[in-house]
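Visitor: Have a look at this fold, sequence not included:
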């Protein structure tokens, strides 16, 4: 019994650390020039978080389809997630709320942090969504992470959304103002 709880606690801590790594990675890319370009994403840079990470292609303002997902993410549904809608983690009644949050990520270019629960099983979770742009500056992909805890029962598991927090849209750095003429003038007084 002690061994199982210690293992569960270790996995919980690793999952939270994985989401922190994803957050730091995305914000580090955003500091370089607004919402990061999808081609700038290097999975090796957050390899300790890959088990809990996923990438999804946007197929409309409130919709995205999973392209690739780590093992911990796939285990929630119990199989390969490629091509499934990102809303697969939520029950039918919760999907409109999820799609509204996803639409804000896509149209607003701001990250989202969702607190999840499956009250009937006493399970909890957290999902993070980070926008990525294409060459035209449109959000076309989402980098995300998902952790779940507790015993939600056998897969597939569906979650409720308890809370949604949106972050700020990263801004492109403003160019330094152009100098007009010399910034300093040398004045000589030989008087």
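Guide: Now that the structure is in, tell me what you want to look at. Predicted model, so just to flag it, every value in this text is computed and none were measured. Residues are numbered from 1 along each chain as shown.

Visitor: from here on, contacts and neighbour counts on C-alpha atoms
Guide: Noted.

Visitor: Three-state assignment for the residue most central in space within the chain, please.
Guide: When the chain is reduced to its mean C-alpha position, the nearest residue by C-alpha atoms, centre = their mean turns out to be residue 129, at 2.7 Å. Classification of residue 129 by DSSP: H, G, I helix; E, B strand; the rest coil places it in strand.

Visitor: again with the one 3 residues further on
Guide: Under the three-state scheme (three-state DSSP), the conformation of residue 132 reads as strand.

Visitor: Residue 74 now?
Guide: At residue 74, secondary structure determined by three-state DSSP is helix.

Visitor: how many neighbours does it have?
Guide: Per other C-alpha atoms under 10 Å, the neighbour tally for residue 74 reads 21.

Visitor: Name all residues that make contact with it.
Guide: When the contact criterion is C-alpha atoms under 8 Å, 6 or more residues apart in numbering, the partners of residue 74 are 80-81.

Visitor: Could you check how far it is from residue 40?
Guide: Counting by C-alpha to C-alpha, to the nearest Å, the gap from residue 74 to residue 40 is 24 Å.

Visitor: what residues are up against the residue nearest to the centre of the chain?
Guide: Contacts were defined as C-alpha under 8 Å, 6+ apart; by that measure residue 129 touches 102, 105, 111-113, 142-145.

Visitor: can we see that at 10 Å?
Guide: Listed by C-alpha atoms under 10 Å, 6 or more residues apart in numbering, the contact partners of residue 129 are 22-23, 53-56, 101-102, 105-106, 110-114, 141-146, 166.

Visitor: Same question for residue 80.
Guide: Residue 80 makes contacts with 66, 68-71, 73-74, as judged by C-alpha under 10 Å, 6+ apart.

Visitor: Among these, which one sits closest to residue 88?
Guide: Within the contacts of residue 80, proximity to residue 88 (C-alpha to C-alpha) peaks at residue 66, which comes in at 9.5 Å.

Visitor: Excluding sequence neighbours, find me the nearest residue to the closest one.
Guide: Spatial nearest neighbour of residue 66, excluding adjacent residues (C-alpha to C-alpha, 6 or more residues apart in numbering): residue 56 at 4.1 Å.

Visitor: surely that neighbour meets residue 68?
Guide: Yes. In this structure, residue 56 is within contact of residue 68 by C-alpha atoms under 10 Å, at 7.1 Å.
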